[in-house]
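Engineer: what follows is a predicted protein model with its sequence.
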Amino acid sequence: MGDYGNVGINAGYARLNARDYGKIGLEGSLKKELDKNPNIGYTLGGNASALIGKKAGVNAGVYAGMDFGTSTCTELNLGIIGDYTKGFDKNNLTDLDSKESLKAGGSIGFTRNICCDEGRKLKMALTGGADFHSVPEINNGQIVKSNKVSPFVGSNIEYSQQINDKGHQLVFGGKCSITKNGATYGEASIGYRF
């Protein structure tokens, strides 16, 4: 199928543990089919975003996965993910909230060429794994951080529409996750891929 990788820009809204941010970022991916079996392929991808506004932060992620059924209208995607988020705001009222996490885990989902049209795609995935984060605690009147590992679950969704004969795409996306300790991250964005 024709999607062999791209780079893109995106902007939108992000929310980390009840703190709101604007979001602007870059992304890139490489998608290939195996020479010996064109029905199986792989995808490598990464993204980096600045979280901006009255408060600041960063979010970055990587993905490596296998794609099955690449010559059909619906392919299955299995992969591993990594995601890092950090908020830099210094608000005394939220110092007990975690502002940093590193997630590592797996992803399972599908990519559907809507009406078997390669120019319109819907991609959905469920994610899960371990969230490595700090938990601030009050000890003798002082805030002390201890490192913890908690399970997380999440989901990603994306709709892309090819807008010209060069293969450029308009992309609408969203992702969210929740950790057992109650930490949350969510975002919604619109982007352009070259």
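Structural biologist: It's in. What you see is a predicted model; the values in this text were computed from it and never measured.
Engineer: what residue ranges in the protein are flagged as low confidence?
Structural biologist: Judged against pLDDT under 70, the low-scoring parts of the chain cover residues 1-4, 89-98.
Engineer: please redo it, this time with the cut-off set to 80
Structural biologist: Confidence mapping of the chain against pLDDT under 80 gives the ranges 1-5, 89-98, 135-138, 143-145.
Engineer: quick one: the strands in it?
Structural biologist: Taking DSSP state E, the strands of the chain run over residues 6-16, 19-33, 40-52, 57-68, 74-87, 100-113, 120-139, 142-162, 169-179, 184-193.
Engineer: what's in contact with the fourth one?
Structural biologist: Applying CB atoms under 8 Å, 6 or more residues apart in numbering, the external contacts of strand 57-68 come out as 14, 16, 21, 23, 25, 29, 31, 39-51, 75-89, 99, 107, 111, 185, 187. C-beta here means a position set from N, CA and C on the backbone, and glycine is covered the same way.
Engineer: what comes up buried for it?
Structural biologist: Judged by neighbour count (16 or more other CB atoms under 10 Å), strand 57-68 contains these buried residues: 57, 59, 61, 62, 63, 65, 67.
Engineer: ok, so of those, who is nearest residue 146?
Structural biologist: Distance to residue 146 across those (CB to CB) is lowest for residue 57, with 21.6 Å.
Engineer: which one in the protein is furthest away from the centre?
Structural biologist: residue 140 (38.4 Å; CA atoms, centre = their mean).
Engineer: tell me the buried residues within the contacts of strand 57-68.
Structural biologist: 14, 16, 21, 23, 25, 29, 31, 41, 43, 45, 47, 49, 51, 75, 77, 79, 81, 83-87, 89, 99, 107, 111, 185, 187.
Engineer: pretty sure residue 15 sits against residue 187.
Structural biologist: Yes - taking CB atoms under 8 Å as the definition, residue 15 is a contact partner of residue 187 at 7.3 Å.
Engineer: got TSV for the buried residues of strand 57-68, with distance to residue 173 too?
Structural biologist: Shown next, in TSV, are the buried residues of strand 57-68 (distance: CB to CB, whole Å):
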residue	distance to residue 173
57	18
59	13
61	12
62	16
63	13
65	17
67	18
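Engineer: among those residues, which two are most distant?
Structural biologist: 57 and 67 (31.4 Å).
Engineer: kindly state the beta-bridge partners for residue 190.
Structural biologist: Legend: beta-bridge partners of residue 190 under DSSP bridges are residue 11, residue 172.
Engineer: who's in contact with it?
Structural biologist: By CB under 8 Å, 6+ apart, the residues touching residue 190 are 10, 11, 12, 170, 171, 172, 173.
Engineer: distance of it from residue 173?
Structural biologist: 8 Å (CB to CB, to the nearest Å).
Engineer: how about residue 145?
Structural biologist: For residue 145 relative to residue 173 (CB to CB), the value is 32 Å.
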